[in-house]
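Novice: Sequence and predicted model, in that order:
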Amino acid sequence: MDVFIHWAGFLGAWLLVAGPLFQAAIELRDEDLDREQFERVKGEVPQQQPVSRWWWLLPPVAYYKGRQRNNAYQKAMMAALPTETREQFVGFMNKANGWFTVAAGAFLIALKETWELAELYELAVAVYIVAVIVVSGVVVGSTVARLTHADKILHIDDPGYAAARRAERAALVEKHRTEQGKPPRPQRTKSKSPAADA
């Protein structure tokens, strides 16, 4: 009976992590945010200069200066947004913080239950750490897989939807790389095998 209780606590704790993560992903994905307005304002508000690397000789000071610049940029962004868009953003952040708090609390309980299960079987700490990493990956992967499956069902009549989403994500990645001053990624080309040419 003791083994059953430990396994029940372990599975229940990880389900408590998976549930809020999945619910958060659904609710935040469906949240009505005017992303075009954010992108427009982001282009208009000047970026803050990064903190000089010399400040990292005194990490607390560098962190403080970085936070100040980040807060100043956020205030400028919020001031440039219309009231309705600001309300959308605040609602989104409140939901995100709420779900994050629930998931974080459940994760801490899952850590405890996993530890107790590892103690029951007298497993090494390294095994415990690997188990936490693997189960965390399964929980996150499950959420991603369920959302992807739901998207496929919703867009079953549009065969080009998945390719369009991949292209959209790739364009966003390249845009962020350009904004950060990084060179564009080289285009992948399918290489022909020598057997194909023969």
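Specialist: Everything's here; your move.
Novice: Before we move on, what's the pLDDT of residue 30?
Specialist: Listed pLDDT for residue 30 reads 81.
Novice: heads up, I number from 38, so please use that
Specialist: Okay, residue one is now 38; in that scheme the one you just asked about reads as residue 67.
Novice: Just give the number of residues close to it.
Specialist: Using other CB atoms under 10 Å, residue 67 is surrounded by 7 other residues. All C-beta atoms are positioned from the backbone trio N, CA, C, and that covers glycine.
Novice: Now residue 136. Nearest residue, chain neighbours left out?
Specialist: Leaving aside its sequence neighbours, residue 136 sits nearest to residue 61 (CB to CB, 6 or more residues apart in numbering; 3.4 Å).
Novice: tell me the contacts of that neighbour?
Specialist: Applying CB atoms under 8 Å, 6 or more residues apart in numbering, we find residue 61 in contact with 132-133, 136-137, 140.
Novice: again, but for residue 183
Specialist: With contact taken as CB under 8 Å, 6+ apart, residue 183 is in contact with residue 59.
Novice: The one 4 residues further on now?
Specialist: For residue 187, no contacting residues are found, by CB under 8 Å, 6+ apart.
Novice: Tell me the most packed of the contacts of residue 61, by neighbour count.
Specialist: Within those, most neighbours by other CB under 10 Å means residue 140, with 21 neighbours.
Novice: Next up, the contacts around that residue.
Specialist: Here residue 140 is in contact with 54, 57-58, 61 (criterion: CB under 8 Å, 6+ apart).
Novice: and what of residue 131?
Specialist: Contact analysis of residue 131 by CB under 8 Å, 6+ apart lists nothing.
Novice: Please identify which helix or strand holds it.
Specialist: Using DSSP states H and E, residue 131 falls within helix 120-157.
Novice: right, and out of the contacts of residue 140, which lies closest to residue 179?
Specialist: Distance to residue 179 across these (CB to CB) is lowest for residue 58, with 8.6 Å.
Novice: and the closest one, how many neighbours does it have?
Specialist: Quick note: residue 58 (other CB under 10 Å) scores 21 neighbours.
Novice: That one against residue 175, yeah?
Specialist: No: if you go by CB atoms under 8 Å, residue 58 and residue 175 don't touch, sitting 11.5 Å apart.
Novice: Show me where the protein dips below the pLDDT cut-off.
Specialist: The chain contains residues with pLDDT under 70 at 217, 221-235.
Novice: buried set for the very next helix or strand once past the helix holding residue 131?
Specialist: Using DSSP H and E, the helix or strand that follows helix 120-157 towards the C-terminus is helix 162-191. Across helix 162-191, burial judged by 16 or more other CB atoms under 10 Å covers 165, 168-169, 172-173, 176, 180.
Novice: outside of the host helix or strand of residue 80, which residues touch it?
Specialist: Under the criterion of DSSP H and E, residue 80 resides in helix 72-81. The contact list for helix 72-81, computed with CB under 8 Å, 6+ apart, reads 114, 117-119, 122, 126.
Novice: Tell me the buried residues in the helix or strand just after that helix?
Specialist: Moving toward the C-terminus from helix 72-81, the first helix or strand encountered (DSSP H and E) is helix 96-117. Under the neighbour-count criterion of 16+ other CB under 10 Å, helix 96-117 has 99, 114 buried.
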